[in-house]
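Trainee: From the sequence below, what's the structure:
(chains A and B)
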Amino acid sequence: MIWVNQILQGVLLGGYYALLACGLSLMFGVMRIINLAHGDLAVLAAFLVWLLVAQGGMPLLPALFVVLAAMAVLGAVMQRTMLERSLRSGILVPLLSTFGLSIVIENLLFAQFGADTRSLAPAIDTLAYDSWSLTNDIYVGQLSVLIFVVAVALLTGLQLLLSRTALGRALRATAENPDIAELVGINSRAVYAIAAAIAVVTAAIGGTFLAMRATFAPYAGPSQLIFAFEAVVIGGLNSLWGTLIGGIVLGVAQNIGAQLDPHGFLIAGHTVFLLVLAARLVLSSELRSRLRLRREYSP
Amino acid sequence: MIRRAGISIERWTPLSLAASAGGLALVAFLAVAPLILGANALDRLTTLFIYITLGAMWNALAGYGGLISVGQQAFFGVGAYAAIRLSHAGLPVYPALVLGGLCAGLFSLLLSSFALRLRGGEFAIGMWVVAELCHLLVNLDGLIQGETGTSLIALNAFAPEQRRADNYWLAFAIAVALLGLMFALLRGRLGGSIQAIRDNEEAAASLGVRVLATKRVIFVIAGAGCGLAGAAWLATSITFEPNAYFSVQWSAYMIFMALVGGLGTFEGPILGAILFFLIESFFGASGIWYLVGLGAAALVFSLFLPRGLWGTLEDRFALHLLPLGYRVRIAAPPAAPAASGEAVSPATGIEG
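Mentor: As a prediction, this is how the structure comes out:
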């Protein structure tokens, strides 16, 4: 029974990872950028919400919307001032500049807020620990279920946005080829800015949930980035539903690992990620890797 | 030397001769420095040599191999850890340090078939995960006692003065050996392949450059180099705390040194390491703002000066201190003897 419980908790945890990961996935899908500051942006948002709620006395939901709006602007500004420029210098430079940004964000947070760990749990009252009992020994936390539901809703929303709306068509066209997209009247700079804004907003939602379900501190960003990236890669790049599956696989592996050994949580997660990566490399035939190579390097 | 119809190919210029001679003289002086310099200067130079090694290794990966790794601390930590283990097993301490560092090279060789098939960001974060996993697994070792860590107690057998000089020579020998190896490789046939891959991987492959094998050589040298640097760091600090050795901070430092100095240039990371060392000496005490500054510098350089300080100087003044490439010198046509054209070809290391 304990295993059923661990797997169930792992699936719910996977929802959180998918939430954190879908922005990373979107940015990679549209702009071919892996944003190494993604986790730090999530933690930055968590601090901003905490600042408004715990310090400013604002109710949680309005505070969240204020922060999400601010993060959307930040995402678009980041795209215009930084990512756009670094993309022009090749595929590797964005890694360097976003890594630099990550160091700047986490150390500024440390300078401002110090090393204390903080949590938004007090702000959500009993939701932080209320649970439903499924059987006598299996309980699911209401917050975990809420996070999972929000993750599925967000992924569905993004999927519908991409497949059904004019903006989605523009995003897909720009992802395919920004220059040709311009020829058919799409403003690819604006599309990039919107994609970056969406990605940063989803990171901010993830960061806020991190703050509710656990504690956070200025240097929490990199591990969130790693979890998000692992979810994206396990699920297969370029697929939002894959990201949910990747998050679930990661969450289940971590929980099973934790059940086996107290140190097992992180070790199992990282190992599963590396195994999936290795298996994919072995399985992908020479032809497929050549195709991928060509696609990645096409302008 | 090829001489044909007024066209000559040259490697050595008066400037590069002078710079090489100066460099050799400096190396000779530094080799005997423990007999001349004081304790403080020796300690600081030891640190500088470790930084130079790290900067040069990260530059070899990113600047020449096109591989951005955020996980080189894996090798730094594994090198130090292996040294602790070997010393614990009874090996004399300095051989244990060198062998321990080389173990990291062996580890990178085992890892290379997997890691080098990852591309771009996959490689960057994949290496980071490898580093995290190494950290977690090393923590499980009873000898290390988790994050508490342990010490290289065998070093206590040496008198402090003797240890200081030995550590200096160790770090110095590692830096000189690795820089010398890179220099020899870059001048030879492999150098042409490496630089061709740096400039355009696909074009290089189409010319018959064995991309994976060439990258593997760089990856293993960088792994061994970071491992040796980790072992040298262990020799100077004596304590081994997994958290300090497997910290992503090391990758941040390496990126700063290579990027600010000049990615893809031989001299750049040396300049970057010296700058980093000076900045750390003056601003390291200011703690957090110093780290903000390092991150901001990496950000600004990647956006506005991606060739780094040395690369920019090199481009602007056609400055080549070390004879790594070839220059084609075309004699002026007889009609206009005053104008002598000179062209520098950047990727002409492939000898027929």
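
Trainee: Quick check on residue A:141: phi, psi?
Mentor: With angles defined as degrees, to the nearest 10, residue A:141 sits at phi -70, psi 140.

Trainee: what do you get for residue A:58?
Mentor: Phi and psi for residue A:58, reported as degrees, to the nearest 10, are phi -80, psi 150.

Trainee: Can you confirm whether the helix or strand harbouring residue A:273 lies near chain B?
Mentor: Take DSSP states H and E as the rule and residue A:273 turns out to sit in helix A:264-283. Yes: if you take C-beta under 8 Å from any C-beta of the partner chain as the test, helix A:264-283 does meet chain B, through A:266, A:267, A:270, A:271, A:273, A:274, A:277, A:278, A:281. For the C-beta atoms, the positions are set from N, CA and C on the backbone; glycine is no exception.

Trainee: For that helix, enumerate the helices and strands it packs against.
Mentor: Under the contact criterion of 3 or more C-beta pairs under 8 Å, 6 or more residues apart in numbering or on different chains; DSSP states H and E, helix A:264-283 touches helix A:221-235, helix A:240-260, helix B:93-115, helix B:120-140.

Trainee: Mark which of the residues of helix A:264-283 next to chain B are buried, thanks.
Mentor: Among the residues of helix A:264-283 next to chain B, the ones that count as buried by 16 or more other C-beta atoms under 10 Å in any protein chain shown are A:266, A:267, A:270, A:271, A:273, A:274, A:277.

Trainee: ok, so of those, who is nearest residue A:72?
Mentor: Closest to residue A:72 out of those is residue A:273 (29.8 Å), distances taken as C-beta to C-beta.

Trainee: how far away is that closest one from residue A:235?
Mentor: As defined by C-beta to C-beta, to the nearest Å, residue A:273 lies at a distance of 11 Å from residue A:235.

Trainee: Ok, residue B:53 next?
Mentor: Look at residue B:53 and residue A:235: by C-beta to C-beta, they are 38 Å apart.

Trainee: Looking at these two, which is more packed in?
Mentor: A count of neighbours by other C-beta atoms under 10 Å in any protein chain shown puts residue B:53 above the other of residue B:53 and residue A:235, at 29 against 26.

Trainee: where does residue B:121 sit relative to chain A, distance-wise?
Mentor: Residue B:121 is 3 Å from chain A, where distance means C-beta to the nearest C-beta, to the nearest Å.

Trainee: Correction: the previous question concerned residue B:226.
Mentor: 17 Å.

Trainee: Next: residue B:312.
Mentor: Counting by C-beta to the nearest C-beta, the gap from residue B:312 to chain A is 14 Å.

Trainee: count of residues packed around residue B:189?
Mentor: Neighbourhood size, residue B:189 [other C-beta under 10 Å]: 11.

Trainee: Quick check: pLDDT value at it.
Mentor: With respect to pLDDT, residue B:189 has a value of 83.

Trainee: just the buried ones among the residues of helix A:264-283 next to chain B now: which is nearest residue B:109?
Mentor: Using C-beta to C-beta, the shortest approach to residue B:109 within these belongs to residue A:274, at 17.1 Å.
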